Every structure is written in C-alpha cells, then in structure tokens.
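Chemist: no sequence for this one, just the structure:
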C-alpha cells in the first residue's frame, strides 16, 4: 500500500472529509442526478409517465429526511452521501474482501465500517480499533476472558475501559478486522452500531441489582433498549451519534445528564394526583462537549414504557436532525431550534398517547452519590456480599490482568464484571469471608482496590497515541499529574481531574472539578509547538451540574502537574472549613482570586 493510500482523508472521529474527497462526492451525486434525469426522460419518451418513487422500507424515514434537504436546495453532508450510496449494513461483503486482502479502507468505507464498531485510526496507529456494545456495562467473566483472548490474538495485547462503561480493543490489523467482529459475536457480545451515526452503547447504574440505595434495577431496561436498536434497522438512519443512559438512583453516578436521553429513576410520592411509586424522569439533549446538559422535560415515564418512549424520541430526531452541518447535527440543536415543548409534543405523537407530567413537590429527592463507591469494598443489598471496585490506571488493562480479573470474578464473586463510566470495573457478589483473598489476588495482578483521593477521580481519553485528533498524550500526562501531586499535596477529599485530547471531549473535561483540554503551545517561535492544555475549574454533574470556567490557557504539558499542585494547595489553605469540597471552594471564588491564591502557593 502506497503512502497516498495510507494518508487519512477523513476526520477519524467525526468522519469529516478533506476537500478532494468532497469534490469526489459532489461529482458522484451530480452523476447520480444526471442518470436519474436521463432515465426519467427516457421513460417519458417511451410513453411512461416520469414519477419520483417514494422511499419505502426501514431506511425510508432517513431517505425522506435527506430528500427534504435536497429538495429545499440544501447540500447533504458527505457522510449522508456515503450512507445514501450504500448503507453500511449492506456492505459487509466488501469489509470481508478488504480483510482478505489485508487492505485498509478509503474514507467512505472508513466511515461505513464504524457501523460494525471498527475505526481505522491512522496515522496515530495504522490499524483498527474495535469498540463494543455492553448493555449497562455488565458482562460475564467468560466474556471478559474471551475479550482478552481476542485482544491478544488480533489486537495489541490490552484493552481500554471507556467513559461509556465500554471496552475498546486496539491495534487490529486489516486482515483481522472481520475475525475480531465475529469473535466478539461468538462471545455473545456485539460491536454493531457502536460507532458513526448510531445509538451508542447504553449505560446504566453499574451496581444495578446490588445497590442498597437504588430505586430501580436498570439492567432489564438497558437490555431491552440494547436489543431493540440492534434489531430495528430503521433506528440506524440518524444524522449523528446518539447516547442513552439509565440512572437507577444508585450510589455510583452514571452521568445520564450528559446523554441525549437520560432516564433518571425517581420516587413519586402519594397525594399529588399521580400514581405513587418509581418512575423515570425524562431528560433530553445532553452533550457536554458542546457545553450543554440534558434538559428536564417535566415528563415522567413508567419504566415499562421507557424503551418505546426512547424509540419515539429517536424517530423525531431522525426526521428533524441536521443533515448538512455535522457540527450542528446532534439532538441538542433540534431542541435549540424548535424548543423542548415542541420536541416533546412531536414525541407524544410518535408514542401514541399523552405523557404524564410531574407536579411540584411530587418527586422525592434523589439519594446522594458517593464520590468513591466505584473504588474499594462496599456492602451490597444482599446480606454477606460485597462489590470490589478495581483501579485501572486511566482505563488501561492488559490481557493478563483481564484474564486474572475474570478468574477472580468466577472463583470468588458472582461471575459478573461491571464496567463504570469512571474507567474502572467492579467485581460483584464477593462473600465477606472471601474479600481479603479477592483483594490479594487483584493486587497480585499489579492492580489496586484502594487509591488516593486524586487517582480515584482521574480520567483520561485515548490521547494522541491512538487518536488523530488528540493534541497530547493524555493518559501519560494524567499519570504525571498523579505522581507529582501525590508526593506534594496531602489531599484529604476526592477531586475529579479529567484530561481530554480534543474538542470532542470524550473524557468530559468540562464537567470535571479540574478539567484539562489539550492544545498546542508555541513556546519558541523558531520551534514546533509543544503539547499543552487549557485548564478549567469548577465543573460538575447531577445536582451540581455546571460547565467549568477557564482558569489557565496554554499551559505546557510539563508545567501542568505544578499548576494542578498549586490550585490544590490553594484549596487546602483557603477552604472555609475542612468540610468544604473543592467544588464549593472553586465556585465560591472568582477566577482572578483563584489565580492569586495559586500564585501565593507557588511563592511559598
């Protein structure tokens, strides 16, 4: 394969094409239109009336949405042209041909193969990454061990646990792409629809069914939605990616308010004219990479109706989402354009009946989160049993560690491995008398069940070792921050620090107490720019939802650990009391005051 073949001509995360590729697709579409016009004329000459055919079948709604764009004089985004030319799920034979030839895809197929969970991530790695679908983030020990085998046989010998309670396997050669996808299916898992313009992996409370404070077990609802979208092709005609999360009011946050649809379990009290009991509150339009949280619609959903309510929400998005501008194609922008009430009304039409609306005072307060429940030993609702939260260094785990953890889950737990949005995992169902042994065996794998207040909330995206768009090595720099600050700051309360490599914000830096987004910093005008970050402070989620404020710009990666050290020391020195959280401290002060306190610590 030549260098020209290897040169990526597409945005490997959003699928945006370079100018020459755009010209190709414009020519292709023009040719198709000319051919259609010629066929129409020929039909008319032959005496048959020329009539445009109405799209039918499972792709009809998406095709009609595209037609409305073209008819109104608009220009379809390149990805819409690719889908129209050949739907990805009709192209599996071509993927197999490329694998047999050990051939990596050109831009159109690079976009298509994401529908199978395969991402060609050149130039950072001349290979595929495979992302999975794991409903509610829970899989069996033998599935986890099987993924380790696949990662060793076809990948780079490791996996990443993601911020969607998912798994990514990297460094897959083109010749192994189909074997990876089919190997995942052999395990009873799936990668279908885990990339591109699809409804992504559905998340839920990681302690579902074992959490002492949960209001509802989210597993059956996540599972129903998972299989619903896998088996209904009409839900693959989206103009952009789509995220759905179920929060059962458990002790570990799911970050459902950062999703396009967030179902939040709530208790409706008696005496307010509503049926008392457990409902889901419906929230729409979360996308914190675009600085917006899911909005409370005021709608209450019976858990049994959640799947079909989500179906209706998605179908409205299929019809009304932007198919010309990829940067404005998420559901948030439909809500911005038509308003939340109009969107809910359209959803009610799809659903077939009016929604139940909350009334003031009817919904009880949600049980509180714990900042550290995803790490360490915690008692389950089942007497005598515990879950153990295992620390994975910024989400990376080797195949040897995966097999070891699977064995522990089988031998000492209930057999489940539960992934969290905090890039770690839980082993559940460990009896009281087996906890010490389980922790010892986890330690023998080079992993831990206890960690510092800083590492417990440390999150980092893939970074530039495996992502074209990342401007820095986020995972390395996260470890640098932890190593530096642990020796210098006696932090006695958890502080979340999230590092993300680009504006796509996979690590959700904007909602972290300290958020870092990578950039290039020009230190010397005669030298190439170096890796660095802009630093935000005071972000939060759930009841404390807010987008962080910018504290510093253009901090070189080498200087970031020191900058984090100073702001942490400023917090410890100037907090109102030992009980004041970092978040409260950060929000209580203006940015200039925070900078001044940090400078005092630098001079100390």
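Modeler: Structure received. Keep in mind the model is a prediction, meaning the values are calculated, not measured. Residues are numbered from 1 along each chain as shown.

Chemist: For the stretch 1-150 of the chain, just list every one of the strands.
Modeler: Under the criterion DSSP state E, counting those that start in this stretch, the stretch 1-150 of the chain contains strands at 118-120, 128-131, 138-140.

Chemist: List the contacts of the longest one.
Modeler: Okay, so that is strand 128-131. By Cβ atoms under 8 Å, 6 or more residues apart in numbering, the residues outside strand 128-131 that reach it are 113, 117-121, 155, 162, 166-170, 172-174, 177, 180-181, 184, 191, 194-195, 201, 466. (Glycine included, C-beta is placed from N, CA and C.)

Chemist: quick one on the thing from earlier: okay, the strands of the stretch 1-150 of the chain in TSV with mean neighbour count, distance to residue 312 and mean pLDDT next?
Modeler: Formatted as TSV, these follow (neighbours: other Cβ atoms under 10 Å; distance: least, Cβ to Cβ, whole Å; pLDDT from 0 to 100):
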stretch	mean neighbour count	distance to residue 312	mean pLDDT
strand 118-120	26	30	97
strand 128-131	27	27	98
strand 138-140	22	26	98
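
Chemist: right, and those - which one's nearest residue 91?
Modeler: When these are compared by Cβ to Cβ, strand 118-120 sits nearest residue 91, at 11.9 Å.

Chemist: So what are the sheet partners of that closest one and their directions?
Modeler: strand 128-131 (antiparallel) (DSSP bridges).

Chemist: Next, the distance between the ends of stretch 77-94.
Modeler: Length of stretch 77-94, first residue to last, Cα to Cα, to the nearest Å: 23 Å.

Chemist: let me fix that: stretch 488-508
Modeler: Start-to-end, stretch 488-508 (Cα to Cα) is 26 Å.

Chemist: any idea how far it is from the chain center?
Modeler: Relative to its parent chain, stretch 488-508 has a centroid offset of 16 Å by Cα atoms, centre = their mean, to the nearest Å.

Chemist: Kindly report the same for stretch 494-511.
Modeler: Distance, centroid of stretch 494-511 to centroid of chain: 12 Å (Cα atoms, centre = their mean).

Chemist: Give the buried residues for it.
Modeler: Neighbour-count burial for stretch 494-511 flags 494-502, 505-511 (criterion: 16 or more other Cβ atoms under 10 Å).

Chemist: ok so, going back, next, check the contacts of strand 128-131 against the strands and list the overlap.
Modeler: Under the assignment DSSP state E, the contacts of strand 128-131 contribute 118-120, 167-170, 172 to strands.

Chemist: Would you enumerate the residues in contact with the spatially most central residue of the chain?
Modeler: Residue closest to the mean C-alpha point of the chain, counted by Cα atoms, centre = their mean, is residue 164 at 4.3 Å. Applying Cβ under 8 Å, 6+ apart to residue 164 gives the contacts 137, 200-201, 203, 243, 421.

Chemist: Pull out the buried members of these.
Modeler: 137, 200-201, 203, 243, 421.

Chemist: would you turn these into TSV with pLDDT?
Modeler: Shown next, in TSV, are those (pLDDT from 0 to 100):
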residue	pLDDT
137	98
200	97
201	96
203	98
243	98
421	97
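
Chemist: Any stretches of this protein with poor pLDDT?
Modeler: In the predicted model of the chain, residues 1-52 satisfy pLDDT under 70.

Chemist: Phi and psi next, for residue 268.
Modeler: Taking degrees, to the nearest 10, you get phi -90, psi 120 for the backbone angles of residue 268.

Chemist: one step back: so can I have CSV of the strands of the stretch 1-150 of the chain showing distance to residue 541?
Modeler: Shown next, in CSV, are these (distance: least, Cβ to Cβ, whole Å):
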stretch, distance to residue 541
strand 118-120, 27
strand 128-131, 23
strand 138-140, 22
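
Chemist: Which one of those lies nearest to residue 563?
Modeler: Minimum separation from residue 563 across the strands of the stretch 1-150 of the chain (Cβ to Cβ) falls at strand 128-131, 31.1 Å.

Chemist: so who does the residue nearest to residue 540 when sequence neighbours are not counted touch?
Modeler: Ranked by Cβ to Cβ, 6 or more residues apart in numbering and with sequence neighbours excluded, the top spatial neighbour of residue 540 is residue 546, at 5.0 Å. If you count contacts by Cβ under 8 Å, 6+ apart, residue 546 has them with 511, 538-540, 587.

Chemist: ok so, going back, tell me the one of the contacts of residue 164 nearest residue 403?
Modeler: Relative to residue 403, the closest of those is residue 137; by Cβ to Cβ it sits at 19.4 Å.

Chemist: And residue 602, how far from residue 155?
Modeler: Look at residue 602 and residue 155: by Cβ to Cβ, to the nearest Å, they are 44 Å apart.

Chemist: With residue 469 instead?
Modeler: For residue 469, the distance to residue 155 - Cβ to Cβ - is 21 Å.

Chemist: Count residues in the vicinity of the closest residue in space to residue 158 that isn't next to it in sequence, would you?
Modeler: Distances taken as Cβ to Cβ, 6+ apart place residue 398 nearest to residue 158, at 5.0 Å, with adjacent residues excluded. Look at residue 398: counted by other Cβ atoms under 10 Å, it has 18 neighbours.

Chemist: same check, this time on the one 5 residues further on
Modeler: Residue 403 sits with 19 neighbouring residues when counted by other Cβ under 10 Å.

Chemist: Distance check, it against residue 150.
Modeler: Distance from residue 403 to residue 150, by Cβ to Cβ: 12 Å.

Chemist: what's the answer for residue 498, then?
Modeler: Shown here: residue 498 relative to residue 150, a distance of 29 Å by Cβ to Cβ.
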